[in-house]
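1. coordinates only, sequence not included:
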């Protein structure tokens, strides 16, 4: 086998390892999100009874390390999960490949994480 | 039972059109019988493929009323209760002419998925003893009866959306070899079926399992590959 | 490309609901985060942003989002079961179970919010 071929094989192997890790990350984040979403749905169904005043939301979250940690984990898992999910959609429905796709996915995941953590800070601090 | 069938058959290549034919309705008539009648009695220029006519060779698959099917074992009564048939070439493969598709990419992907048995013993070694009740043997058994007809490949949206995707048949084949204890190419095969062009691209739409004429469930085989590859990557084996 | 006659089966619908609900949730998240971020400017600012939720159309959209979230959760659990557990030929019952659970959550939320 030529040297080029060997380098090609090594690069391919690195790529499929990375893609497999993305699949594992998608399933792991899904498992975390499953728990978070159950808590979130229960909280919402409870919270919306009789309107949604800011005082009620902030009364629950302000100064609560537990809610802060919960929502931080929730946001990070959601940003990762949405980014990887959009990667498949960008490939299959938008025809994106290579660097353009990975840049778009990273931008979406980082933007969601930043906006989400800012929101968590806003309701907890 | 109507006396005649109204049949629309795809004529031409990628650019083409349906042409209408009237075919006498018969007892126990298969879709392949209908196509054969058209070619022999009405339109000798019609191109189509078949060989065994008994569901073994996998060469007569076509799109019948919108769904990929093996035509030799598909009774008209099952798919055309109203006496109307629309017969087209398989989807997701280049059309050569009429009902004949170019199957090269389909079989090339079997090779890319390392669908070839790699022996670890020679003819001088005693035959391997593989117990029928072991989990690996049962997993291979459940997936082994594939006849390579291409119905699953033509029923999968991921194949259409991602031209590099190996597809259900090639991955199902790889899964049978992953479960073959006599095979000596496990790591190379897992690497070949990993990632965006391999098992991890499957979205469990299950068009393959829905349509497989042998009632195989390629989705289950692909799920097995996803787990096996994931484990191998985490353990640093590939 | 395969047509809709071939796609019309439970697992394909489950896929489509999962993908479209995922896209809708990803599009909604920035708005959700920006509204909650108003709390940085105080309780009154957050109340101002939340006043929108009193509009019936927005309430209906909220119910739709909760339904989509429940559907994405239930459909996601189905995928985890299909991919990670031993195969039992149970995929259609799982799709039905996922649909049922999502509707139940959506209705419960709707009864509370209206």
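-> It's in. Note that the coordinates shown come from a computational prediction; the quantities given were computed from them, not determined experimentally. Residues are numbered from 1 along each chain as shown, chains lettered A, B, ... in the order given.

2. which bits of chain A sit near chain C?
-> A:27, A:30-31, A:33-34, A:37-38, A:40-41, A:44-46, A:48-49, A:51-55, A:57-58, A:75, A:78, A:82, A:85-86, A:89, A:108, A:111-112, A:115-116, A:118-119, A:121-123 (Cβ under 8 Å from any Cβ of the partner chain). Quick note: C-beta positions are derived from backbone N, CA and C, even for glycine.

3. Report the buried members of these.
-> By neighbour count, with 16 or more other Cβ atoms under 10 Å in any protein chain shown, the residues of chain A next to chain C hold A:27, A:30, A:33, A:37, A:40-41, A:44-45, A:48, A:52, A:54, A:57-58, A:75, A:78, A:82, A:85-86, A:89, A:108, A:112, A:115-116, A:119, A:121-123 as buried.

4. Report the contact partners of residue 106.
-> As the question left the chain open, I've gone with chain A. Residues in contact with residue A:106, defined by Cβ atoms under 8 Å, 6 or more residues apart in numbering or on different chains, are residue A:83.

5. sorry, should have said chain B
-> Contact analysis of residue B:106 by Cβ under 8 Å, 6+ apart lists B:93, B:148, B:150, B:153, B:167, B:169-170.

6. Residue 23: neighbouring residues, count only.
-> Defaulting to chain A. Counted with other Cβ atoms under 10 Å in any protein chain shown, the neighbours of residue A:23 add up to 22.

7. Switch to chain C, please.
-> Going by other Cβ under 10 Å, the residues that sit close to residue C:23 add up to 16.

8. correct me, but it touches residue A:89?
-> Yes. Judged on Cβ atoms under 8 Å, residue C:23 makes contact with residue A:89 at a distance of 6.8 Å.

9. from the buried ones among the residues of chain A next to chain C, which ones fall inside helices?
-> Residues of these located in helices (DSSP state H): A:27, A:30, A:33, A:37, A:40-41, A:44-45, A:54, A:57-58, A:75, A:78, A:82, A:85-86, A:89, A:108, A:112, A:115-116, A:119, A:121-123.

10. Pull out the buried residues from stretch C:93-101.
-> Within stretch C:93-101, the residues scored as buried using 16+ other Cβ under 10 Å are C:94-95, C:98-99, C:101.

11. I'd like the residues you listed as TSV, with distance to residue B:102 appended.
-> TSV is the format used below for the buried residues of stretch C:93-101 (distance: Cβ to Cβ, whole Å):
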residue	distance to residue B:102
C:94	37
C:95	35
C:98	39
C:99	40
C:101	45
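
12. ok, so of those residues, who is nearest chain A?
-> residue C:101 (10.4 Å; Cβ to the nearest Cβ).

13. any idea whether that closest one is helix, strand or coil?
-> helix (DSSP: H, G, I helix; E, B strand; the rest coil).

14. I'd say it and residue C:70 touch.
-> Yes. The criterion here is Cβ under 8 Å, and residue C:101 meets it with residue C:70 at 6.7 Å.

15. can you pull the contacts of the residue most central in space within chain C?
-> Note on chain C: the residue nearest the mean C-alpha position is residue C:68, at 1.7 Å, using Cα atoms, centre = their mean. Neighbouring residues of residue C:68 by Cβ under 8 Å, 6+ apart: C:21, C:24-25.

16. 6 Å instead, please
-> C:21, C:24 (Cβ atoms under 6 Å, 6 or more residues apart in numbering or on different chains).

17. Residue B:10 too?
-> B:16, B:18, B:88-89.

18. Shouldn't it be within a strand?
-> Yes. Counting by three-state DSSP, residue B:10 falls inside a strand.

19. Show me what it is bridged to.
-> On the basis of DSSP bridges, residue B:10 is bridged to residue B:18.

20. Any idea how many residues pack against residue B:227?
-> 15.

21. neighbours of the closest residue to residue A:30 other than its chain neighbours, just the number please.
-> Nearest residue to residue A:30, sequence neighbours excluded (Cβ to Cβ, 6 or more residues apart in numbering or on different chains): residue C:76, at 5.2 Å. Using other Cβ under 10 Å, the number of residues around residue C:76 comes to 22.

22. Would you confirm that residue C:76 belongs to a helix?
-> Yes. Residue state for residue C:76 (three-state DSSP) corresponds to a helix.

23. Quick check: the gap between it and residue B:6.
-> 45 Å (Cβ to Cβ, to the nearest Å).

24. Could you pick out which of the contacts of residue B:10 are located in strands?
-> B:16, B:18, B:88 (DSSP state E).

25. Just the closest of those residues to residue C:54, please.
-> Nearest to residue C:54, judged by Cβ to Cβ, of the ones in strands among the contacts of residue B:10 is residue B:88 at 54.0 Å.

26. Quick check, the closest one in contact with residue B:63.
-> Yes. If you go by Cβ atoms under 6 Å, residue B:88 and residue B:63 touch, sitting 4.1 Å apart.

27. quick one: which of these two has more around it?
-> Taking neighbours as other Cβ under 10 Å, residue B:88 and residue B:63 compare with residue B:63 leading, 25 against 20.

28. The more buried one: which element?
-> strand B:61-64 (DSSP states H and E).

29. Next secondary structure element downstream of that strand?
-> Using DSSP H and E, the helix or strand that directly follows strand B:61-64 along the chain is strand B:67-70.

30. what does the first helix or strand past that next one going along the chain contact?
-> Of the helices and strands lying after strand B:67-70 in sequence (DSSP H and E), the nearest is helix B:76-79. The contact list for helix B:76-79, computed with Cβ under 6 Å, 6+ apart, reads B:29, B:64-65.

31. Just the buried residues of helix B:76-79, please?
-> B:76, B:79.

32. what residues does chain B put near chain A?
-> B:161-162, B:191, B:194-196, B:200, B:229-230, B:233 (Cβ under 6 Å from any Cβ of the partner chain).

33. okay, these in JSON lines with distance to residue C:111 and pLDDT next?
-> Listed next are those as JSON lines, based on distance: Cβ to Cβ, whole Å; pLDDT from 0 to 100:
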{"residue": "B:161", "distance to residue C:111": "39", "pLDDT": "97"}
{"residue": "B:162", "distance to residue C:111": "42", "pLDDT": "96"}
{"residue": "B:191", "distance to residue C:111": "52", "pLDDT": "97"}
{"residue": "B:194", "distance to residue C:111": "47", "pLDDT": "97"}
{"residue": "B:195", "distance to residue C:111": "45", "pLDDT": "95"}
{"residue": "B:196", "distance to residue C:111": "43", "pLDDT": "96"}
{"residue": "B:200", "distance to residue C:111": "40", "pLDDT": "98"}
{"residue": "B:229", "distance to residue C:111": "45", "pLDDT": "98"}
{"residue": "B:230", "distance to residue C:111": "41", "pLDDT": "98"}
{"residue": "B:233", "distance to residue C:111": "46", "pLDDT": "97"}
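
34. Thanks a lot, catch you later.
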